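Asks: sequence isn't available, so here's the structure alone:
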């Protein structure tokens with residue numbers, strides 16, 4: 001099936017559904033008996049026309065030309081032929097990326113004595129992540145009231161306050177305050193049963209906006225201690241692997257709430273995935289770009305923790321030349337894995353896949369766009385994509401799927417690339433993120449640490465943040481490196497991301513430690529809250545959001561000469577410095 005409307009995973013799923021693992025199928029099959037699938041649709045025109053013409057079971061407008069639809073599998077092919085449908089994609093799984101404010105020049109910003117004071121008052125912070133420990137002192141005012149205005153828990157049924165199309169349950173500030181009146185957590189959860197079982201979202205919210213009430217002298221205060229929060233808990237299907245459709249729905253929810261409240265909003269995401277072109281053309285990235293100018297918004301995303309995981313490699317082929325890519329799988333319980341080879345459409349490259357036992361596929365090319373092979377208990381599925389709107393590269397998408405109770409086992413897989421007819425020759429290969437252990441269970445044997453950013457940090461309308469160790473002033477080895485595949489600077493800048501003290505969900509302690517680029521991104525998301533407050537409310541300038549504020553942060557970054565020249569793929573434009581950005585805003589207002 002050669003098409004320019006369906007993504008690779010959708011094409012393979014339509015053709016080889018029976019070979020996919022139950023875990024993968026659970027991310028998009030809504031009703032197996034009725035053959036109903038959940039699909040992300042990028043379209044133009046009127047959604048109602050598509051609903052009636054193609055018999056969509058359900059369709060929910062997510063703004064920005066995107067919709068979530070429930071459709072019978074057999075109608076997807078017809079829908080892809082509609083002239084007003086631009087792209088169809090299955091939901092994709094992402095992974096969570098895992099307070100001394102002096103490291104970001106904000107130690108005294110919220111204090112009364114500060115020359116330029118900002119606390120975040122009047123601005124919203126949205127955290128779309130694993131939820132929040134809403135009864136943590138850092139998210140409660142001195143008067144005992146919650147700072148959380150809305151908490152949409154997508155994982156709790158379809159409550160009386162569910163979101164249209166997104167299900168779950170929305171808890172209001174009033175409901176959370178009612179829960180906080182009770183003394184025990186069991187009593188509180190009986191009123192508002194939402195919990196952050198992972199702790200990731202709680203930590204990020206605390207770094208960006210905790211008021212430090214749970215610590216002595218508020219020493220663990222976050223960036224914007226007086227702002228209010230809108231929280232979306234994702235992970236509806238698989239708690240540790242939330243899907244992009246859940247994030248898209250969450251973004252739509254928080255933007256619409258910000259509009260209702262007439263407040264500016266800083267939106268923080270702490271997730272990422274790797275099987276993309278790394279050029280901002282994923283559905284989630286396109287959606288964020290389209291919503292960027294809809295309101296007073298700044299998006300912040302960490303660059304991911306794949307800098308040293310050896311899941312990226314690259315090369316350049318010439319006509320008649322062969323090159324091999326070896327993937328070493330050391331996990332004994334991995335049941336599925338994927339990788340993608342991105343190349344220019346002008347180049348004709350074939351691939352042969354060899355198993356650890358020496359079995360091989362045929363020579364695969366665009367002439368065989370969808371193929372599947374069964375080697376004992378392991379299925380290998382391959383798709384060669386045709387051109388897709390707004391995508392100027394071709395992907396060769398490869399899925400390894402263990403059958404039944406089998407696993408992929410241990411061993412060395414080999415991809416042999418052959419340059420049949422080459423004009424440009426360059427290619428990039430990325431593998432799936434694996435979170436099964438502390439060591440690298442899967443790695444390429446000839447890795448390249450550049451362009452190890454994860455999506456959506458390669459989107460065009462976000463601030464991408466790398467992590468550095470503030471105690472030694474070095475970029476963390478795990479921090480995703482740039483630039484994007486289409487040459488844009490990423491990360492934009494770096495912030496502390498190693499052993500950061502943050503609110504915890506454990507019963508033993510109110511605080512713990514978090515390491516990762518998502519922690520670094522939380523500092524920047526909180527910084528945007530402060531800059532929005534100062535620019536919009538103090539300087540009375542409604543233009544202080546989006547690119548305007550991003551430029552202030554980049555210009556004001558600290559740039560140690562030993563790590564220059566700037567911008568560069570590790571440090572971006574340098575180390576975030578909030579005080580300098582505020583001072584520059586104040587200077588420009590004079």
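Replies: Here it is on my side, so go on. Everything quoted here is computed from the prediction, not taken from an experiment.
Asks: so where's this structure uncertain?
Replies: Across the chain, residues meeting the criterion (pLDDT under 70) sit at 1-3, 98-115, 159-160, 387-392, 435-440, 590.
Asks: so which residues of it form helices?
Replies: 8-16, 22-25, 47-54, 76-80, 173-180, 185-191, 200-209, 244-261, 283-291, 517-532, 547-556, 578-589 (DSSP state H).
Asks: counting by contacts, list what the last one packs against.
Replies: Yep, that's helix 578-589 we're talking about. When contacts are defined as 3 or more Cβ pairs under 8 Å, 6 or more residues apart in numbering; DSSP states H and E, helix 578-589 packs onto helix 517-532, helix 547-556. Yep, even glycine has a C-beta here, placed from its N, CA and C like the rest.
Asks: what comes into contact with that helix?
Replies: 104-106, 109, 116, 118, 223, 527, 530-531, 534-535, 539, 541, 544, 552-553, 555-558 (Cβ atoms under 8 Å, 6 or more residues apart in numbering).
Asks: residue 132: which of the helices of the chain is closest?
Replies: Ranking the helices of the chain by proximity to residue 132 (Cβ to Cβ) places helix 200-209 first, at 5.2 Å.
Asks: what helices or strands is the closest one leaning on?
Replies: Contacts defined by 3+ Cβ pairs under 8 Å, 6+ apart place helix 200-209 against strand 124-129, strand 228-233, strand 265-269, strand 500-503, strand 511-514, helix 517-532.
Asks: let's go with 7 Å and repeat that
Replies: strand 124-129, strand 228-233, strand 500-503, helix 517-532 (3 or more Cβ pairs under 7 Å, 6 or more residues apart in numbering; DSSP states H and E).
Asks: ok, now how distant is residue 496 from residue 167?
Replies: 36 Å (Cβ to Cβ, to the nearest Å).
Asks: who has more neighbours, those two?
Replies: Using other Cβ atoms under 10 Å, the more surrounded residue of residue 496 and residue 167 is residue 496, with 26 against 17.
Asks: would you confirm that that one contacts residue 470?
Replies: Yes - using Cβ atoms under 7 Å, residue 496 is in contact with residue 470, at 4.2 Å.
Asks: mind putting the helices and strands packed on helix 200-209 in a markdown table, mean neighbour count and distance to residue 263 included?
Replies: As requested, those are exported to a markdown table (neighbours: other Cβ atoms under 10 Å; distance: least, Cβ to Cβ, whole Å):
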| stretch | mean neighbour count | distance to residue 263 |
| --- | --- | --- |
| strand 124-129 | 28 | 5 |
| strand 228-233 | 26 | 8 |
| strand 500-503 | 25 | 23 |
| helix 517-532 | 32 | 9 |
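Asks: which one of those lies nearest to residue 56?
Replies: strand 228-233 (24.9 Å).
Asks: so what strands line up beside that closest one?
Replies: Strand 228-233 sits in its sheet next to strand 124-129 (parallel), strand 148-153 (parallel), going by DSSP bridges.
Asks: what's the first one in contact with?
Replies: Contacts of strand 124-129 with the rest of the structure, by Cβ atoms under 7 Å, 6 or more residues apart in numbering, involve 200-201, 204-205, 208-209, 224, 227-232, 234, 247, 250-251, 254, 258, 263-270, 525-526, 529.
Asks: nearest to residue 364 among the helices of the chain would be which one?
Replies: helix 8-16 (13.0 Å).
Asks: centre of the chain to the closest one, how far?
Replies: Taking Cα atoms, centre = their mean, to the nearest Å, the mean C-alpha location of helix 8-16 is offset from the chain mean by 23 Å.
Asks: make a markdown table out of the strands paired with strand 228-233 and add distance to residue 67.
Replies: A markdown table is the format used below for the strands paired with strand 228-233 (distance: least, Cβ to Cβ, whole Å):
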| stretch | distance to residue 67 |
| --- | --- |
| strand 124-129 | 19 |
| strand 148-153 | 19 |
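Asks: return the backbone torsion pair for residue 330.
Replies: phi -110, psi 0 (degrees, to the nearest 10).
Asks: out of everything not next to it in sequence, what's closest to residue 290?
Replies: Nearest non-adjacent residue to residue 290, counting by Cβ to Cβ, 6 or more residues apart in numbering: residue 64, 3.7 Å away.
Asks: verify the stated contact: that neighbour with residue 291.
Replies: Yes - with contact defined as Cβ under 7 Å, residue 64 counts as touching residue 291 (5.0 Å).
Asks: these two: who's more crowded?
Replies: Using other Cβ under 10 Å as the criterion, residue 64 and residue 291 rank with residue 291 on top: 22 against 19.
Asks: returning to that earlier point: of all the strands paired with strand 228-233, which lies closest to residue 466?
Replies: strand 124-129 (18.8 Å).
Asks: could you check the angle that closest one makes with helix 517-532?
Replies: 170 degrees (axes from the mean of the first three to the mean of the last three Cα atoms, to 10 degrees).
Asks: so how far is strand 124-129 off the chain centroid?
Replies: 13 Å.
Asks: where do the strands sit along the stretch 251-400 of the chain?
Replies: 265-269, 271-272, 297-302, 312-316, 322-329, 336-344, 348-354, 370-375, 378-384, 393-402 (DSSP state E, counting those that start in this stretch).
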